[in-house]
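1. Give me a 3D structure for the following:
(5 chains, ligands or ions: 5)
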Amino acid sequence: MEQESSQATSTSSVYDTKQLNLWYGDNHALKNIDLDIKQNEVTAIIGPSGCGKSTYLKTLNRMVELVPNVKTSGQIMYRGRNIFDKDYSVEELRTRVGMVFQKPNPFPKSIYDNIAYGPRIHGIKNKKILDEIVEKSLRGAAIWDEVKDRLNENAYSISGGQQQRICIARALAIEPDVILMDEPTSALDPISTLKIEELVQELKKDYSIIIVTHNMQQAARISDKTAFFLNGEVIEYDNTDTIFSNPSDKRTEDYISGRFG
Amino acid sequence: MEQESSQATSTSSVYDTKQLNLWYGDNHALKNIDLDIKQNEVTAIIGPSGCGKSTYLKTLNRMVELVPNVKTSGQIMYRGRNIFDKDYSVEELRTRVGMVFQKPNPFPKSIYDNIAYGPRIHGIKNKKILDEIVEKSLRGAAIWDEVKDRLNENAYSISGGQQQRICIARALAIEPDVILMDEPTSALDPISTLKIEELVQELKKDYSIIIVTHNMQQAARISDKTAFFLNGEVIEYDNTDTIFSNPSDKRTEDYISGRFG
Amino acid sequence: MRYIEHDIVVKRMNGRNVVNKLFKSIFLLATLSALLALVILLYQIVSQGASHLSIDFLTNFASRFPAEAGIKAALVGSIWLMLVVAPTSIILGVGSAIYLEEYAGKNRITTFIQMNISNLAGVPSVVFGLLGLTIFVRALALGNSILAAGFTMSLLILPVIIVASQEAIRSVPGELRDASYGMGATKWQTIVRIILPAAIPGILTGSILALSRAIGETAPLIVVGVPVIIQFLPEGVMDTFTALPMQIYDWSSRPQQEFQQVAAAGIIVLMSVLLLMNSVAVFIRNKFEKRY
Amino acid sequence: MGQSVQEMIAQSKGKKSKKFVEKMIPVLLFLIATVSVLTTIGIMLTLIVETVTFFTRVSFIEFIFGTTWLPFSNLDAQFGILPLIVGTLKITLIAIVVAVPIGISAAIYLSEYATDNVRRVIKPVLEVLAGIPTIVYGFFALTFVTPLLQSIFPEIKIFNAISPGIVVGIMIIPMIASLSEDAMSSVPKSIRDGALAMGSTKFEVAMKITVPAAISGIIASVVLAISRAIGETMIVSLAAGSTPKFDGDFTGSIQTMTAYIVQVSKGDAGYGTTIYYSIYAVGFTLFVFTLVMNILANYVSKRFREEY
Amino acid sequence: ACGGTDEGGGTEENGSSTAGEVEGSVIGDGSSTVAPILEGIVEEYAGAQPGVQVTVGVSGTGGGFEKFMQGETDFSNASRPIKEEEIAALEEAGIDYTELLLAYDGLSVVVNAENDFVDNLTVDELKKLWVEDGSTKMWSDINPEWPEEEVIFYAPGTASGTYDYFNEVILEEGDIESTATLSEDDNTLVQGIQGDENAIGFFGYAYYIANQDTLKLVPIDGVEPNDETIESGEYAPLSRPLFVYAKNSSMSENEAAYDFMQYTIEHAGEMAQAVGYVALADEEYEEQLAKLEALK
Ligand SMILES: Nc1ncnc2c1ncn2[C@@H]1O[C@H](COP(=O)(O)OP(=O)(O)OP(=O)(O)O)[C@@H](O)[C@H]1O
Ligand SMILES: Nc1ncnc2c1ncn2[C@@H]1O[C@H](COP(=O)(O)OP(=O)(O)OP(=O)(O)O)[C@@H](O)[C@H]1O
Ligand SMILES: [Mg+2]
Ligand SMILES: [Mg+2]
Ligand SMILES: O=P([O-])([O-])[O-]
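-> Ligands and ions are numbered 1, 2, ... in the order given. A predicted model of the protein is given here:
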């Protein structure tokens, strides 16, 4: 841990992707991706449908390997270690890297059990510590006040926006280093969306966040850096301000101004 | 037919919606809608998710009645006749009003049979006439050249964008008066989207088109009039230029500039 | 303050992975043990009956001499039985399924019919035999005819076909329905031209599996009183007949050891018919699996 | 095309007959749908009428609580159904002990571990097991399983509850495996992904997420399998013997309700004798059993249904 | 395939073929014990009269009579004489019938092949063994020289005609030993007795014949069942007659039914022997034919 964090502060980079290629069978979905993602920043990934945003995100915690016939080449250095290394355990990687999905996907259990799930599988059984973790995570996801009196209710009994924050709290409960979010607000109403956006701003103090979104305004509002993907390639990667005010690539400009997508 | 079309030219309006309300059970989904839709124009309907865009569209051809427990009040005058009239046959209404859906939904039949479906169910059996209709409709949907050699293949063997144009051709085959489109490009790639947009521009010469879209740029690009829905109400309805350059309602402006949704 | 010690997590990871592997093997073993049972069963039958299998076995009537005993009457009888059962049960089953899925409102009657169907699916086949004996054989005076046994079997598999057809109809995407209604099609047009064609693979698979149950059922035939000693082929649905399971059952209770092999050969024929039907079902299922 | 399509449509005939068809079809289909209800009524009537006659000769109390089933006795025929029920339960118990662990394990393997291709092969092959005629299983029990058991445990008799119980178990494995697998695979992939993304192993996902989420389907499949085991006829007729016994012995000959019906059906019961009516009374009891099991299955799948 | 008694029945056969080609259908049902005889006859008859369709069910003696009463069958096979209640029911239904004797069966009592002490049993001993009296039965209870081992019983199912006959002549008013393993399927009895040193059981002669190498036959009162002793009735009381009950109206109205019945009597002896039963004396068959002819 020490060695890693020391390295992290020196470069302040969490993920360094080098020449990543990915194929679904014959479909070359990611092409020569190079992307250096910094600590305690919000990195947005934008691009038209099918350009590989979700695929890239799922590669970062190796969830993409659940799809049959996936092949990769290149490296993804996470905190200085290549996650594709043979002896890198995926489960371990995933305890460091939380993930929030497009549709809220709480477990069909009580709110409490949803949050406690991660700590429990990682061996924490002490009821008091679990209670503390649950409260802390729910507070962290800015939903403690709304659910504190109904922790034993089924997580599906609350609204979609609340469910999504439960999912964020669930990810926080294992105290990850990075949080990956795949269009976390696309299934939500405007007000819930705003809440989540505020939350992301809040979280970046403690975590590094990578967020996929098809909503350019959202990317502009909340991210520090933005990567624009097109047909599996990174077209442009820069500070969000630069991307939105002064993109260097014509295609980025076209996409941002709504000429396609 | 004569009486109707004479009326149509005098007012040049196809649909005149008056004080339309709609409930899904207790959910008041459309509230006092007033909307006058003109002939040979493209009318865009925009608004955040769940605001009632699809519901309104489905009310125009009474497809919404397939949902159990739907209640409506108010009037929709189509070519001068209230479609909610007891003796108005829905089947007849729907032969006048074609519909194209969000996801391409060809029938699992050959391309030919897809297009011939409408004419056939309405009693046209003559093979030669059917052949003519199929060709004309496919040409009308700008896809004849791409599929003319594979009319007997299953409609699912072609790409999503082509499928969507097949669905448009299918609607054209019964020569409707109005075409309703519910986010017809949201499942398509940018290039297919462009093709469909061009097609819509082309079709408006012969048809009146009402199109729901969540893509504001698309609405701006292709429509003559735009209606902005919010929470089941029409907030603003005006020429597209006016809506996008100089909206009169603050909420319209907020939505268009991406402050929510 | 941190609750999760990543070092500890990493240490425990090994054990958790071992448990995962262990249980994966256990689950796999369980699956294989079921398959092993199948293999042993098939081996038993084939090793006993293969020697008796020949063309003559298929073309001869039953005989008191084991060497000459053939399965013709039973095989043809079973085919006749299926000729009654298949249309009857499929028409009734698909009709009911269409009614329940497309027409019936969500009311008490529908719930009642639905409950009734799922209950009927659990009624033992012997009890259907009693029904067939009382209603078809006696009350309607159909006697030991193909029709009486066929109707009994049809009712027996009716619930299975209804449920399978309902599922198939339900899995036709709503968008197809919408598209058809959107063109001004009536409900019945939509059902006949769009929904049924799209649901046919599911309906067929379900029906074939149900029919293969009907072809192997013995108990209802015994209760209904299907005869076994027959030296002619039926010519119509009102004729008496015998069926494969009855013939097998009869042979196996003969004193001469040779008849045990004849019975095993009969089982091979029955199983071949079944496997043929199942493969057709699987073929249909895999062929049409992802169509939209 | 001289005319527009709309004009052709307007001219096309058959509007009236279309309306008539649209009106008649639902009525016709409703009638068809009532066939299943009529079947149930038919079964109930058939069973009840003869059962009532039965109870004019045998007291209801004796039937329900009697512990001796001796219908063919010369001295004192007795119709206490408990021995037949006990026989049925012995078979069911063994079948469940065999089928539930194997069936659910196979379901977990197929839904959580197996690749699509493996599943596509194994599932139908397992379903072949469910399609094998029960008479074939009966001989398998009698000529293979029983001798095998006897060679290990010599105290087991030629007719016993264990061998047919095991074979009934084998027969219902695919039912449990297939239905439970359906229930587990219908747990949304997104929920599973959620758990995997937190660093769960597949085993943890299975035990902590999928199985609990699918529990209503799993239990329902077990309940259905139980009712199938209760109703199974040929296997027990062939391999379990025909000795109704009210005791806890699994190694000797027993008789189940279904086997009794078959025994009498192919046997010597004269029409109009008490024995003849008794098969309807037993059939009715069996019907009640399966009815209860079904109501239970229904209740269970409602009660334990997890929302997602 | 017709050998044996062909000459004996030769003239009769000519007699039946004077009817020439007959057409029609005949339905029978009944005893599973009698079924093998009928199977052989039906098989041969199909060659002789291809225009006649014969079906024979195997619902058991009682099941057969049940259908007979319902008027569903033209004849009914039985492995025991008809019972009082059945006679009454037939009378009520207005069905007249004629009893025809087909063959004899000798219920054979057997023990395990390893059993070296039982060489004979008396009827009384049989009764002592088989009637339920509440005690656990040891071989030594019958004969003190025999081992003190528990006797294991195997018997045909209570619903069979075979059981019924044994019940009538041996058990009389008693119930069968409650520990007995009962099965409708005689082969399983054979297997059971083969596998158990202390087993005893009984079943039709045919099942003994088919398994005589692996079972030990027990003479009753010193008489072993065989063709002579069974036919002559010397093997008593376990020799039992096998019958077919013909419906009078069918015989007179249905030419095919009469023809088949005639053929049956003519060939019963031959078939009975072929499947392990004992034929009647020729005169007895003449007698049956005469009875039948009276119905024409
Ligand atoms: N499971 C899969 N199997 C095969 N191909 C896949 C799979 N998932 C995605 N793809 C393909 O990979 C490419 C990239 O898909 P991806 O889901 O990463 O796009 P995306 O940018 O996330 O799009 P969206 O905005 O629609 O979510 C697409 O061509 C897609 O068809
Ligand atoms: N079939 C239905 N039954 C009940 N409520 C419905 C149904 N369809 C829509 N609604 C409700 O009606 C309201 C309007 O829905 P509608 O689908 O018209 O929105 P929309 O503007 O088309 O949204 P989107 O952009 O997501 O398609 C929503 O509150 C929705 O939950
Ligand atoms: Mg995506
Ligand atoms: Mg919509
Ligand atoms: O079939 P049975 O001869 O035993 O009645």
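2. make it CA atoms for all contacts and neighbour counts henceforth
-> Fine.
3. Going along the chain, name the strands of chain A.
-> Per DSSP state E, chain A has strands spanning A:13-24, A:27-38, A:42-46, A:70-78, A:81-82, A:97-100, A:178-182, A:208-212, A:225-230, A:233-239. These are given in chain order.
4. Not counting sequence-adjacent ones, nearest residue to residue 237?
-> Looking at chain A here, since you left the chain open. Nearest in space to residue A:237, with sequence neighbours left out and distances taken as Cα to Cα, 6 or more residues apart in numbering or on different chains, is residue A:227 at 4.2 Å.
5. was after chain D, sorry
-> Excluding the flanking residues, the one nearest residue D:237 by Cα to Cα, 6+ apart is residue D:259, at 4.7 Å.
6. repeat for residue D:195
-> Excluding the flanking residues, the one nearest residue D:195 by Cα to Cα, 6+ apart is residue D:205, at 6.3 Å.
7. tell me which element residue D:35 falls in.
-> According to DSSP states H and E, residue D:35 maps onto helix D:15-57.
8. C-terminal to that helix, what's the next element?
-> Using DSSP H and E, the first helix or strand after helix D:15-57 is helix D:60-65.
9. From the structure, what's the count of residues near the residue in the stretch 1-150 of chain D that ligand 5 sits nearest to?
-> Ranking the residues of the stretch 1-150 of chain D by distance to ligand 5 (Cα to the nearest ligand atom) places residue D:72 first, at 13.8 Å. Applying other Cα atoms under 10 Å in any protein chain shown, we find 20 other residues in the vicinity of residue D:72.
10. What sits closest to it if chain neighbours are left out?
-> Once chain neighbours are set aside, the closest to residue D:72 by Cα to Cα, 6+ apart is residue E:158, at 6.4 Å.
11. Now for that neighbour: which residues touch it?
-> The neighbours of residue E:158, taking Cα atoms under 8 Å, 6 or more residues apart in numbering or on different chains as the test, are D:72, E:164, E:182, E:184.
12. Is it possible to get TSV of those residues that adds secondary structure, distance to residue C:80 and pLDDT?
-> Listed next are the contacts of residue E:158 as TSV, based on DSSP: H, G, I helix; E, B strand; the rest coil; distance: Cα to Cα, whole Å; pLDDT from 0 to 100:
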residue	secondary structure	distance to residue C:80	pLDDT
D:72	coil	38	77
E:164	helix	37	82
E:182	strand	36	80
E:184	coil	29	73
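13. And the residues you listed, which of them are buried?
-> D:72, E:164, E:182, E:184 (16 or more other Cα atoms under 10 Å in any protein chain shown).
14. Let me know the closest of the residues you listed to residue D:48.
-> When the buried ones among the contacts of residue E:158 are compared for distance to residue D:48, the smallest value, 22.7 Å, is given by residue D:72; criterion: Cα to Cα.
15. That closest one and ligand 2, how far apart?
-> Using Cα to the nearest ligand atom, to the nearest Å, residue D:72 is found at 64 Å from ligand 2.
16. that older thread, and the strands of chain A as a markdown table, adding mean pLDDT?
-> Conversion of those to a markdown table gives the following (pLDDT from 0 to 100):
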| stretch | mean pLDDT |
| --- | --- |
| strand A:13-24 | 94 |
| strand A:27-38 | 95 |
| strand A:42-46 | 95 |
| strand A:70-78 | 95 |
| strand A:81-82 | 94 |
| strand A:97-100 | 94 |
| strand A:178-182 | 94 |
| strand A:208-212 | 95 |
| strand A:225-230 | 94 |
| strand A:233-239 | 95 |
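17. which one of those lies closest to ligand 2?
-> For the strands of chain A, proximity to ligand 2 was assessed by Cα to the nearest ligand atom; strand A:178-182 is nearest, at 18.3 Å.
18. thinking again about what came up before, touching, the residue nearest to residue D:237 and residue D:234? I think so.
-> Yes - because the distance of 7.3 Å satisfies Cα atoms under 8 Å, residue D:259 is recorded as touching residue D:234.
19. show me where pLDDT drops low in the stretch 101-250 of chain A?
-> Within the stretch 101-250 of chain A, the ranges that satisfy pLDDT under 70 run A:190.
20. if we go to 50?
-> For the stretch 101-250 of chain A, not a single residue meets the criterion pLDDT under 50.
21. Indicate the residue of it located nearest to ligand 5.
-> Going by Cα to the nearest ligand atom, ligand 5 is nearest to residue A:108 of the stretch 101-250 of chain A, at 59.4 Å.
22. wait, what's in contact with residue D:282?
-> Remark: with contacts taken as Cα under 8 Å, 6+ apart, residue D:282 is in contact with D:81, D:257, D:261.
23. Run through the residues that contact the nearest residue to the second one once chain neighbours are set aside.
-> If you skip the residues right next to it in sequence, residue D:257 has residue D:84 as its closest partner in space, 5.2 Å away by Cα to Cα, 6+ apart. If you count contacts by Cα under 8 Å, 6+ apart, residue D:84 has them with D:69, D:244, D:245, D:246, D:255, D:256, D:257.
24. State the distance from residue D:84 to ligand 2.
-> For residue D:84 relative to ligand 2 (Cα to the nearest ligand atom), the value is 52 Å.
25. now swap in residue A:122 and tell me
-> Relative to ligand 2, residue A:122 is positioned 38 Å away (criterion: Cα to the nearest ligand atom).
26. Then residue E:52?
-> Counting by Cα to the nearest ligand atom, the gap between residue E:52 and ligand 2 amounts to 67 Å.
27. Just give me the neighbour total for that residue.
-> For residue E:52, the neighbour count with other Cα under 10 Å is 23.
28. List phi and psi for it.
-> phi -110, psi 130 (degrees, to the nearest 10).
29. What residues are bridge-paired with it?
-> residue E:24 (DSSP bridges).
30. do the same with the one 4 residues further on
-> Assessed by DSSP bridges, residue E:56 has beta-bridge partners residue C:229, residue E:28.
31. Same question for residue A:30.
-> On the basis of DSSP bridges, residue A:30 takes part in beta bridges with residue A:22.
32. re earlier: right, and the residue of the stretch 101-250 of chain A closest to ligand 5 touches residue A:157 too?
-> No - under the criterion of Cα under 8 Å, residue A:108 is not in contact with residue A:157, lying 9.9 Å apart.
33. and those two? which has more neighbours close in?
-> Neighbour totals were compared for residue A:108 and residue A:157, and residue A:108 leads with 23 against 15 (other Cα under 10 Å).
34. ok, now how distant is the more buried one from residue D:214?
-> Note on residue A:108: its distance to residue D:214, by Cα to Cα, to the nearest Å, is 10 Å.
35. and what of residue C:74?
-> The gap separating residue C:74 from residue D:214 is 44 Å, by Cα to Cα.
36. if we can go back for a sec, tell me which helix or strand comes right after the one helix or strand the residue nearest to residue D:257 maps to.
-> Assessed by DSSP H and E, residue D:84 sits inside helix D:82-108. Proceeding C-terminally, helix D:82-108 gives way to helix D:116-131 as the next helix or strand, assigned by DSSP H and E.
37. In terms of secondary structure, what does the helix or strand just after that following helix contact?
-> Scanning forward in sequence from helix D:116-131, with DSSP H and E defining helices and strands, the next element found is helix D:134-140. For helix D:134-140, the helices and strands in contact under the criterion 3 or more Cα pairs under 8 Å, 6 or more residues apart in numbering or on different chains; DSSP states H and E are helix D:162-185, helix D:234-239.
38. can you dump the C-alpha coordinates of helix D:134-140 into PDB?
-> Written as PDB, here are the backbone C-alpha positions of helix D:134-140 (Å, rounded to 0.1, in the frame of the first residue of the first chain):
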ATOM      1  CA  THR D 134     -41.700 -43.700 -16.300                       C
ATOM      2  CA  ILE D 135     -42.200 -47.300 -17.200                       C
ATOM      3  CA  VAL D 136     -38.600 -47.300 -18.400                       C
ATOM      4  CA  TYR D 137     -37.500 -45.900 -15.100                       C
ATOM      5  CA  GLY D 138     -39.500 -48.500 -13.300                       C
ATOM      6  CA  PHE D 139     -37.500 -51.300 -14.900                       C
ATOM      7  CA  PHE D 140     -34.300 -49.400 -14.300                       C
END
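39. Done for today, thanks.
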